[in-house]
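[1] sequence and predicted structure below; questions after.
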Amino acid sequence: MPLPHIQVVVENLNSQGHGVARHEGKVYFIPWAVPGDTVTIQVEKDHKKYADACLITINKPSPDRIKPECPYFFKCGGCDIQHMSYDAQIAAKQHIVVQVLKKFAKVDEQIIQPIIRSPKQWHYRNRIQLHRNRKGEIGFYECHSHRVVPVEACLIARENLNEQIKKIKNQSEKIPLNPPFLKGEGWEEYPPLSPCSGIPYAGKKGGRGDFTRFRLELRDDSVTGFGQVNPEQNQNLVDWVKNKLDVKKNEVVADVFSGSGNFTLPLAKLAYKVWAIERDEKAILHGKKQAHDQGMQNIEWRHTSALQGLFELKRMGIRLDSMVCDPPREGLKEVLEGIVDLKPKKLVYVSCNPATFARDVFLLKEKGYEIKTIQPFDMFPQTAHVELAALFIF
Ligand SMILES: C[S@@+](CC[C@H](N)C(=O)[O-])C[C@H]1O[C@@H](n2cnc3c(N)ncnc32)[C@H](O)[C@@H]1O
């Protein structure tokens, strides 16, 4: 029997970019719903206290609802909130951050600063990952699926990446469907496609089926394992980290999960010494080259896991004045003990996952770190993702 239709008013957004509404004590999560919409929904999956619902009709659209710029928006899994004005996106992200941090990190709302808007709302990404299906179509995955949505261009990718999409689409038949030289699950470098040489890309066998996945990258990033995707907003983040750590000439700093030195190099220009810990060898090599090109000699690169790297610093008796840590989405986990063990006086924690960030903020407070301020950054406009940074003092 089909489940009944209900009319609800959407109150806010959750971290997946779905509208949140309440009706008779139950919470409903509704993809494509915008805070302020009055909508009719139908339950898709009923959990005890909440339900996943689908949007049937928009009875009264929110004033924040807009027509998405991108023709692929409702199919492509890349962006999730293009149907909201940028002001509404910013307000919704601020709300998400405040709710998560109040609930799980038990922080005072006063220390959460207003989100820093992205200097660019469109064409900001310097890295995208495209896929090719068996029909030879190239595009992005649909949401929660491995079906390819063929695209001609992407409105959040930088213009030069869109040029590359055009070129690579013209040569899609040259990309082997199941290249024999792909080993395991890791990314393998492909030789550049000859007629459009200079397009760096890498591929790996998809988890399911015979998809060859490949990604196009801007040249600047081609040799790093990780690099922030929004360079203009990244500059704001780097400036914030520098400003909050306020590193002096005689100070020793650690950059844990350093990547290719996004924070390491700017901090090394201020500090006596910076220890950079990173497990991706390519990222370390790229960082070392940049440091060498800039004549910097005060960086100690450690190609190892964060846990091991912190343990080594402890064993060597290194006294740290400051630390910045920027882990992947899983957060600090067992690394947190290693950080606390080294007791850097000033600690900046950067994260792209509010949930694990909130958990770790709570634990750091329990270990005696005082949280001074939390700064959200809109690193990923048109999506529900948000970047966070916090300053702690011991
Ligand atoms: C979110 S990125 C941050 C990179 C850098 N701070 C930046 O802003 O570009 C996380 C980095 O941690 C590295 N990483 C992931 N797990 C790690 C681990 N267990 N030990 C050391 N590095 C790790 C990844 O290779 C990646 O470079």
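    That came through fine. Numbering: from 1, shown residues only.

[2] so who does Ala358 touch?
    Applying Cβ atoms under 8 Å, 6 or more residues apart in numbering to Ala358 gives the contacts Val100, Leu101, Lys103, Phe104, Ala105. For glycine as for every other residue, the C-beta is placed from the backbone atoms N, C-alpha and C.

[3] just give me the neighbour total for the fourth one.
    Spelled out, that is Phe104. Around Phe104 there are 17 other residues, counting by other Cβ atoms under 10 Å.

[4] and it, how far is that from Cys154?
    Separation of Phe104 from Cys154 (Cβ to Cβ, to the nearest Å) stands at 34 Å.

[5] among the contacts of Ala358, who's most crowded?
    The most neighbours of any of the contacts of Ala358, using other Cβ under 10 Å, belong to Leu101, which has 25 neighbours.

[6] so what's the residue count around Trp122?
    Counted with other Cβ under 10 Å, the neighbours of Trp122 add up to 17.

[7] name every strand pairing with the strand ranked longest in the chain and say which way it goes.
    Longest strand in the chain by number of residues, with DSSP state E as the criterion: strand 50-60. Applying DSSP bridges, strand 50-60 is found paired with strand 26-30 (parallel), strand 38-46 (antiparallel).

[8] comparing those, which comes out most buried?
    Of the strands paired with strand 50-60, the one with the most neighbours on average (mean count of other Cβ atoms under 10 Å) is strand 26-30, at a mean of 20.

[9] ok, residues contacting that one?
    Under Cβ under 8 Å, 6+ apart, the answer for strand 26-30 is 6, 8, 10, 14, 16, 18-22, 39, 41, 43, 49-55.

[10] for stretch 42-61, same thing?
    2-7, 19, 26-34, 37-41, 65.

[11] can you pull up the most central residue in the protein?
    Nearest residue to the geometric centre of the chain (Cα atoms, centre = their mean): Cys352, 4.8 Å.

[12] bridged to the closest residue to it other than its chain neighbours, which residues?
    Leaving aside its sequence neighbours, Cys352 sits nearest to Glu387 (Cβ to Cβ, 6 or more residues apart in numbering; 5.3 Å). Going by DSSP bridges, Glu387 is paired in beta bridges with Phe377.

[13] residues contacting Glu387?
    Shown in contact with Glu387 (Cβ under 8 Å, 6+ apart): Gln233, Leu237, Val350, Ser351, Cys352, Pro376, Phe377, Asp378, Met379, Phe380.

[14] dump the residue contacts of the closest residue to Cys70 other than its chain neighbours.
    Using Cβ to Cβ, 6+ apart and skipping the chain neighbours, the partner closest in space to Cys70 is Leu155 (4.8 Å). For Leu155, the contact set (Cβ under 8 Å, 6+ apart) comprises Glu69, Cys70, Trp122, His123, Gln382.

[15] what is the mean pLDDT for stretch 237-245?
    Computed over stretch 237-245, the mean pLDDT rounds to 98.

[16] near the ligand, anything from that stretch?
    No. For stretch 237-245, no contact with the ligand is found by Cβ under 6 Å from any ligand atom; the gap never falls below 7.8 Å.

[17] ok, residues contacting that stretch?
    Under the criterion Cβ under 8 Å, 6+ apart, residues 116, 228, 253, 262-263, 266-267, 270, 322, 324, 346, 348, 350, 372-373, 375, 377, 379, 387, 389, 391 lie in contact with stretch 237-245.

[18] before we move on, what about stretch 105-113?
    Residues outside stretch 105-113 that contact it (Cβ under 8 Å, 6+ apart) are 97-98, 101-102, 357-359, 361-362, 365, 371-376.

[19] restricted to buried residues, select those in PyMOL.
    In PyMOL, a selection of the buried entries from the contacts of stretch 105-113 looks like this (16 or more other Cβ atoms under 10 Å):
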select buried, resi 97+98+101+357+358+359+361+362+371+374+375+376
